[in-house]
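Colleague: I'd like to go over a predicted model; first the sequence, then the structure.
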Amino acid sequence: MKKHKDLTHILTSNKMRITTPRRLLLQYVLDNKNKQLSFKEVQDFLNEKLASVDRSSIYRNLETFKRLDIIQELNLPKVGKRFQYVFDRKVHHFYICKACGKSNKGKEDLFNKIEAALKDIHGFSKANLSLVFYGYCSKCVRPL
């Protein structure tokens, strides 16, 4: 499992300064790595810890964390955007019901099948798979 210092090293190796808001955001994401965080939750946390953090700075940092595969953005029906920690997780794919919004984390066996297909069909190996599938759960499935 990655720790705060490991992730700050990733940021510095990508030529990013470790500012106080960025450090706090990183720690908040790590402390809530099993949750799907809303932007408001992140903003409220940072505003509680610091006098005032610009909304656009929070967005830029979240975008940077997404680009570095520290977090993944999920768009949950009826809930909106959420951010989920994914950095040291081999499998980070979700399937989300478009009707009720229930989200489930994918299982490793599905990842292994997709990775094998990528290798067989395209000669692509050592995939780091990050996907979101949208469809209908068994409770919300619509008859044909």
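Modeller: Yep, that arrived.

Colleague: next SSE after the helix ranked longest in the chain?
Modeller: Ranked by residue count and defined by DSSP state H, the top helix of the chain is helix 108-122. Per DSSP states H and E, the first helix or strand lying C-terminal to helix 108-122 is strand 132-135.

Colleague: how about the closest residue to M16 other than its chain neighbours, secondary structure?
Modeller: Excluding the flanking residues, the one nearest M16 by Cβ to Cβ, 6 or more residues apart in numbering is T64, at 7.0 Å. In short, each C-beta sits where N, CA and C put it, glycine included. Classification of T64 by DSSP: H, G, I helix; E, B strand; the rest coil places it in helix.

Colleague: how near is T64 to D88?
Modeller: Noted for T64: a distance of 18 Å to D88, by Cβ to Cβ, to the nearest Å.

Colleague: quick one: the strands in the protein, in order.
Modeller: 36-37, 71-76, 80-85, 94-97, 103-105, 132-135 (DSSP state E).
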